[in-house]
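Chemist: for reference, the sequence and a predicted model appear below.
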2 protein chains.
Amino acid sequence: METKTLIHSGAAKEMSYTERYNVAPLIPLPEYLFHRLFQLNCRTVFGVANYSTAKLYQAIAASGIQWIQTINQLNTSFAVDAYGRAIGVSCYVTSESAELGHVNGFFGSFCEYVPILQVVVLEQSHDLERLIGDVSIFHDVVDDPSEIDSCVRTLFWGKRPVYMGLRSKDATKLVPSSSLNGNIADKMGIKNTFFQTDTIKRVIDKIIAEVYASSRPLIVVDALIDRYNYNSTIQNFLTETGIPFVTTLMSKGSIDESLPNFVGTFLGTMSQPIVREYMNNADCTLILGCMIENFKNSYCRFNYKSKNQILLWNDRVKIENNIIPDILLHELLPQLIASLDTTKIVNSRPVTIPNMIPRVEPQPVTFLRQEYLWFKMSTWLKQGDVIISESGTSAIGLLQQKFPDNTRLVSQAIWNSSGYSIGACLGILAAYRDMGTLDKHRIILMVGDGSLQFTFQELSTILTHGFKPYIFVINNQGYTVDRTLNREKTHLNATYFDIQPWELLKLPSLFYSQEYFKRRCMSVGELNSLLSDKEFNKSDQLKIVELILPSMDVPVLLDPRDDSSDDESSPQHKRPRT
Amino acid sequence: METKTLIHSGAAKEMSYTERYNVAPLIPLPEYLFHRLFQLNCRTVFGVANYSTAKLYQAIAASGIQWIQTINQLNTSFAVDAYGRAIGVSCYVTSESAELGHVNGFFGSFCEYVPILQVVVLEQSHDLERLIGDVSIFHDVVDDPSEIDSCVRTLFWGKRPVYMGLRSKDATKLVPSSSLNGNIADKMGIKNTFFQTDTIKRVIDKIIAEVYASSRPLIVVDALIDRYNYNSTIQNFLTETGIPFVTTLMSKGSIDESLPNFVGTFLGTMSQPIVREYMNNADCTLILGCMIENFKNSYCRFNYKSKNQILLWNDRVKIENNIIPDILLHELLPQLIASLDTTKIVNSRPVTIPNMIPRVEPQPVTFLRQEYLWFKMSTWLKQGDVIISESGTSAIGLLQQKFPDNTRLVSQAIWNSSGYSIGACLGILAAYRDMGTLDKHRIILMVGDGSLQFTFQELSTILTHGFKPYIFVINNQGYTVDRTLNREKTHLNATYFDIQPWELLKLPSLFYSQEYFKRRCMSVGELNSLLSDKEFNKSDQLKIVELILPSMDVPVLLDPRDDSSDDESSPQHKRPRT
């Protein structure tokens, strides 16, 4: 995530921010806000146009930020979430009458630690503050630069949603721009900053002792490592120490998987056997940047069971089942890494990961099935790819595969809103455009037919901006995950889980898209020839591919008959028939 | 709304409900709930299929209720709202992970007094109760028949959303069915039932005295008359007394507009001059079934200014600026009507409404404009039509026209969510199907291009169920209302208010719809020939019509240069140039 560290500090260089960007001494209050976001590399603000949001357009433009007009509020909330994951800060603008449309996405961003700023133009009252006060780390109706700075600093360091009310009448209120020359990324004045030097030192000593004493240590790199942009720090540390490590459902792709000590991705009850084995047998498990310790949804239970766990959250540490509060990750982690003497760490077990390859290469005329699909897709992926995925069958199948280095996965793994990936795809495209690296990355959307229908209209926005992602739609004629899980309770072909059939390949033509690549694949041979097709591998146009899969085919390890979550036996019996 | 009064009472007829429908003595708890809804004429339950909702499908089917699978939760919330307006009770089923998607619609139903029941299958916690407790009249986690009865009775009599949690483990819990033979529509055991006989008598005497003393009385029939199903009572009363009356933004179409004492529809600052004149000059204004007294949005201010107002709310009366609480509309209204001696009421002024017709019949080659469009559409409407409309330019233009008798308008006038009409169209189609009268009504959707894009995917569900509505899409290349209102602040052609162009007439083909009628109209002649086209006037297939209008053309009276809300001068100067 290239630009996260490029913080425009007013103090740096010879010229101040206001000099460099020729900012007038007095500017409208909203413009002050958008300059602050610009300084944190936010270059796009999202929203649906209306009477109230229109009052901020001039301020947005004046700060050098672009506006992306989305089609509805749910999609806005998904786009801005993904943009925030990539850039480190993001923002949408809404009105009192429209803000409820974002609630679902807002809750999701809170749950998954994404720093999004909701700016509401207040014409009258301010009711929703009550409603979402519990799922934002800060909420305030701002009316001067210092209040704006509090909000933005809390957003930047807290990595969770902030709710900002801005009175309509203040849209034209002039404020001094001089504070813009102070560094918005410093930690002064933010909530929850503690300098518990002694406590941190004691915690570090304790962790170090545990790691040194361990004969089978294991590191779990979880999602907050990425949120706080410690990926390369941790990657260097892992390279140097050789300690076996896993990523998680939420952090897949954040560390290069070609490292020899990469074990796999921990998917809770859906993990590969080797991952389970490492998790169960470690005698010291260090969970870095822990986002969540324990959750379950309809098809997966995710919790850490290993003995002697040390969990580093964003704001606390859990060790020997005691919680030490008020230890901030960004205070602790650099010191911990610096203090560890890698020569004292035992790493007795080299990792060998069995490849998830099909036992038999299927014939070209064979119908496409999940097992082959995900294997084959993983061979097509290349360095720099960014994959946006739903949490249905598409995510599970992908997560089980090994990624090339520098391949990122964007997925709302915990909150798991249907339709997230379409809005998120727009957000990621905008983020890489804003970072200036869109030509170096393929942006790949993997979505099921059901999820696509939830929010597909944002494809229109994607096309309007001239973006050219790869779109793979998995059409398995229904909500397969739910159908599978209800196998015994309802009839296999219960129409409840049917998805209304759409002519998926026609979708882009609806938006006056003149030229795009489309292809339907039902067989192994069709997929193979698609992936080696020259046209398909050029980046000149949008591609949409419909992958037809049998209705009751599910990825390996997602089989409802398998209730033995911690079972470490051979994976063979869990594979679907090929 | 034919079936609202056909309440299946267990006490009626010779057989009890359980005998007639062969209900087992012990049934699962959710089945008990759905039988109760069935007894109140609810024949369809809406929702998005998932793991949790699937636990209720058998109970839904066993009660004789159908399931309509919508595409996303926002659309569910709109469909169920419209179904509730038509039938008097409606319900959707959701899960903890999905319920936030309905919040926007749920708030809207609360705001506009629509009795919807949200059933949440609880797997774990029950957080959202806190969140929406303030916008539901009752919320409870039910675990026996009596609790279900409390919820359903409150829903039926309170005419506002009720939130019901149902624990996943109780989906199979057996309960006696015998209470189903008690009448669910009686008022026993509901919250807020008061029997203030004396107070009611005093209030009635006071109202009667005011009405008798008035020399220029006026009646406003507002939306709660329809919600409580007093339309025909009030219509008879108006016919008999001849008192001039108006309907409102929220109640348009609930009383036949051919009555000689119909003045027009009160649209606040957008009202026709004759309506303003009657409202301003009345010396006693009786507002029956008042839903809201005062609101404004970006293009309209709605408030009652006449002297000597008497407001009858659902649960209170306001008279001489005093509020008398705890007077229920359904207790008060029948007694009031019965007590009024119509011979003592003065009605000195016959009503003559100027027709809103174009001053000059335009040439066929003329571009279509709002003024002609809405006039011409009103001549095409016929008795029995049900029009579902957004609150953008489409609603305003329509509301200014006189409707044929028994023509209903379904519109979310106050809450005003973009995209409401598409989901609502599905709800209305299901409701008329369930009442068995779909062949007697044309269901007509009027929607702008921007609003359509919000939620258009529900057209897929409409087609899946074989429904054949008329769909008119007003394409004026942008959010015209917002563009107009921001005329001075932003550039006229500001791209912020552009709508991404879609090939609208292709939409149904996306859903494998083989045959449908499509037409684009840009000129007066094209509209005229469409409306007299034989194919177009047959009911055998879905019709979609794209009406191209100039970007800055707005309906008469919606002109931002007109700030003189109470100005009673000639309407001529406010007409757009033709």
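Modeler: Yes, it's here.
Chemist: what residues are up against the spatially closest residue to residue A:325 that is not a sequence neighbour?
Modeler: Among residues not flanking residue A:325 along the chain, residue A:316 sits closest, at 4.9 Å (C-beta to C-beta, 6 or more residues apart in numbering or on different chains). Where you see a C-beta, it was placed from the backbone N, CA and C, and this is true even at glycine. Contact partners of residue A:316, counting by C-beta atoms under 8 Å, 6 or more residues apart in numbering or on different chains, are A:323-327.
Chemist: which one (most neighbours) among the residues you listed?
Modeler: residue A:327 (20 neighbours; other C-beta atoms under 10 Å in any protein chain shown).
Chemist: nearest spatial neighbour of that residue, chain-adjacent residues omitted?
Modeler: residue A:317 (5.0 Å).
Chemist: adjacent strands (with direction) for the helix or strand hosting that neighbour?
Modeler: With secondary structure defined by DSSP states H and E, residue A:317 is part of strand A:316-319. When pairing is defined by DSSP bridges, strand A:316-319 lines up against strand A:309-312 (antiparallel), strand A:322-325 (antiparallel).
Chemist: if I look at the nearest residue to residue A:43 once chain neighbours are set aside, how far off is residue A:223?
Modeler: In this structure, residue A:43 finds its nearest non-sequential neighbour in residue A:434, 3.8 Å apart by C-beta to C-beta, 6+ apart. Using C-beta to C-beta, to the nearest Å, residue A:434 is found at 22 Å from residue A:223.
Chemist: the two: which has the busier surroundings?
Modeler: A count of neighbours by other C-beta under 10 Å puts residue A:223 above the other of residue A:434 and residue A:223, at 24 against 19.
Chemist: coming back round to it: pull out the CA atoms of the strand holding residue A:317 and give them to me as CSV.
Modeler: Presented in CSV, the C-alpha positions along strand A:316-319 are these (Å, rounded to 0.1, in the frame of the first residue of the first chain):
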residue,chain,number,x,y,z
ARG,A,316,-4.4,-3.9,24.7
VAL,A,317,-2.4,-7.0,25.2
LYS,A,318,-3.7,-10.4,26.3
ILE,A,319,-1.1,-12.7,27.9
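Chemist: now that strand, how far from the centre of its chain.
Modeler: Centre-to-centre, strand A:316-319 and its host chain are 24 Å apart (C-alpha atoms, centre = their mean, to the nearest Å).
Chemist: pLDDT weak spots in chain A?
Modeler: Where chain A drops to pLDDT under 70, the residues are A:1-13, A:125-135, A:187-196, A:298, A:348-350, A:354-356, A:392-395, A:478-497, A:552-578.
Chemist: how does it divide into domains?
Modeler: Domain ranges of chain A: A:2-181, A:197-344, A:370-557, per automatic domain parsing.
Chemist: out of the ones you listed, nearest to residue B:264?
Modeler: Set against residue B:264 and scored by C-beta to C-beta, the domains of chain A come closest in domain A:2-181, at 26.5 Å.
Chemist: burial count for whichever residue of the stretch 51-200 of chain A sits closest to chain B?
Modeler: Among the residues of the stretch 51-200 of chain A, residue A:51 lies closest to chain B, at 3.7 Å counting by C-beta to the nearest C-beta. Neighbour count for residue A:51, taken as other C-beta under 10 Å: 23.
Chemist: thought it was touching residue A:95?
Modeler: Yes. In this structure, residue A:51 is within contact of residue A:95 by C-beta atoms under 8 Å, at 7.1 Å.
Chemist: check contacts around the closest residue to residue A:457 other than its chain neighbours.
Modeler: Leaving aside its chain neighbours, residue A:457 sits nearest to residue A:71 (4.5 Å; criterion: C-beta to C-beta, 6+ apart). By C-beta under 8 Å, 6+ apart, the residues touching residue A:71 are A:48, A:457-458, A:460-461, B:453-454, B:500.
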